[in-house]
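Visitor: just coords:
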């Protein structure tokens, strides 16, 4: 790449990093529901030196609340990075922002290494394309999910870099390490990486004893270390994973599937047209494999496609099982654009395809642009997390010692020191007060709650707009409605 292009891209990534950390320090955007399953564990690791989560145990250990339903590397990593920072309420968001940015940097390095190794030509439109590509990429990253996929994206980006750079001595060994690290982070994306690793060995004609052994040695080293340091019996984790997967995947079905498909894969606010990035990646990869007569690799790609579709579409809100492959999507899209720009300019493919890719990426980028605009257009009227914290302490001071305060899922980072007096389960009979956040509720006014009466309303009635363009249903801050049991 030319110096000017590298400098320009560095400025864009630096700006993104600044915005991402700015958002994180302000607790924006608020965590969504699944974050309560994973991130509080990091707090209890640092403060109680135990791998537990009293806010969510998946029904596996309701007495001790041990973290047994998922591999623990994600909360371990978050706890480790948190420990290096001064303690404050949004340190987990800042930690995730750090991992998020690191993953993007690794992916960009992968693209740069690919460009150098393939002597990529630099057409005049590459600079503009790179800008749009980055903005779209930023939309597909983000920390609001609060799930292990944030760390998995980093490992997948490292996996890409490892295979683009392709060290003769350590490439397969590193693949084994990264698959194992992913395994102790999230099982679903590990299935993806295993198939991709197998496919790469076949594609490179390396499905032989030595490369396989090298891969297995890397895998075995991480697995062995994990077996030694894991604080509970490994069989308990395996049983916990089995029970959890039965509950959240096998026995879980999406209702109103078509509507939810549109919501989570087409109009999804954080990553619009996600499904098309997936399809383009699969179609272009299949095209390359067919052209090179890599039939077994093509079969593995078909299996991977089925696997991603199953884990993503079994219940439509589980789009994180597709988003985790964002580093692969954007790497392949960059390669595809580069390839098309290097073929005969008179062909229809070279005229139409780049335009289609750029249009897709422009629509993708709306996710990050909207998130940024929503932050700046509402910040003057924001209810900060410190405002909520004061409100929460006031409520807990009026709560009976044997009663609890029920909070919604973006509020838990500011209540962890009172974890014995809070719950996220609205059916808990010990609840005396409800504190319901307006964020993600989609409503302008507090709704009636059975057996509770409203005692304080901080909801903001108006909708966030840029001039007359709507940016969302509610202001993305910490305004709440408080209810007391009748």
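Guide: Nice, I can see it. Here the structure is a predicted model, which is why all the values come from computation and not from measurement.
Visitor: so where's the stretch 151-300 of the chain shaky on pLDDT?
Guide: 250-256 (pLDDT under 70).
Visitor: so where do the helices sit in it?
Guide: 171-183, 187-203, 209-229, 234-245, 257-261, 274-291, 295-313 (DSSP state H, counting those that start in this stretch).
Visitor: Reformat the ones you listed as JSON lines; add mean neighbour count.
Guide: Yep, even glycine has a C-beta here, placed from its N, CA and C like the rest. JSON lines is the format used below for the helices of the stretch 151-300 of the chain (neighbours: other C-beta atoms under 10 Å):
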{"stretch": "helix 171-183", "mean neighbour count": "24"}
{"stretch": "helix 187-203", "mean neighbour count": "20"}
{"stretch": "helix 209-229", "mean neighbour count": "15"}
{"stretch": "helix 234-245", "mean neighbour count": "15"}
{"stretch": "helix 257-261", "mean neighbour count": "13"}
{"stretch": "helix 274-291", "mean neighbour count": "18"}
{"stretch": "helix 295-313", "mean neighbour count": "17"}
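Visitor: Can you say which of these is nearest to residue 9?
Guide: Closest approach to residue 9 among the helices of the stretch 151-300 of the chain is made by helix 274-291 (20.2 Å; C-beta to C-beta).
Visitor: Please name every helix or strand in contact with the closest one.
Guide: helix 295-313, helix 320-323, helix 326-341, helix 348-378 (3 or more C-beta pairs under 8 Å, 6 or more residues apart in numbering; DSSP states H and E).
Visitor: between those, which gets nearest to residue 45?
Guide: helix 320-323 (22.8 Å).
Visitor: Show me which positions of the closest one end up buried.
Guide: 320, 321, 322, 323 (16 or more other C-beta atoms under 10 Å).
Visitor: so what secondary structure elements neighbour that helix?
Guide: Using 3+ C-beta pairs under 8 Å, 6+ apart: helix 320-323 touches helix 149-165, helix 274-291, helix 295-313.
Visitor: Could you say which one of those comes nearest to residue 428?
Guide: Across the helices and strands packed on helix 320-323, closest to residue 428 is helix 149-165 (C-beta to C-beta), at 28.9 Å.
Visitor: who's in contact with that closest one?
Guide: 73-74, 77, 96, 99-100, 102-104, 106-107, 109-110, 113-114, 117, 141, 143, 171, 174-175, 178-179, 181-182, 185-186, 189, 193, 196, 200, 320-321, 323-328, 331 (C-beta atoms under 8 Å, 6 or more residues apart in numbering).
Visitor: quick one: that helix to helix 171-183, angle?
Guide: Orientation of helix 149-165 against helix 171-183 (axes from the mean of the first three to the mean of the last three C-alpha atoms, to 10 degrees) gives an angle of 170 degrees.
Visitor: Residue 428: what secondary structure?
Guide: Recorded secondary structure, residue 428: coil (DSSP: H, G, I helix; E, B strand; the rest coil).
Visitor: Next up, phi/psi of residue 208, please.
Guide: Main-chain torsions, residue 208, degrees, to the nearest 10: phi -130, psi 170.
Visitor: Around it, how many other residues sit close by?
Guide: Per other C-beta atoms under 10 Å, the neighbour tally for residue 208 reads 9.
Visitor: Tell me the spacing between it and residue 14.
Guide: To residue 14, residue 208 is 44 Å away according to C-beta to C-beta, to the nearest Å.
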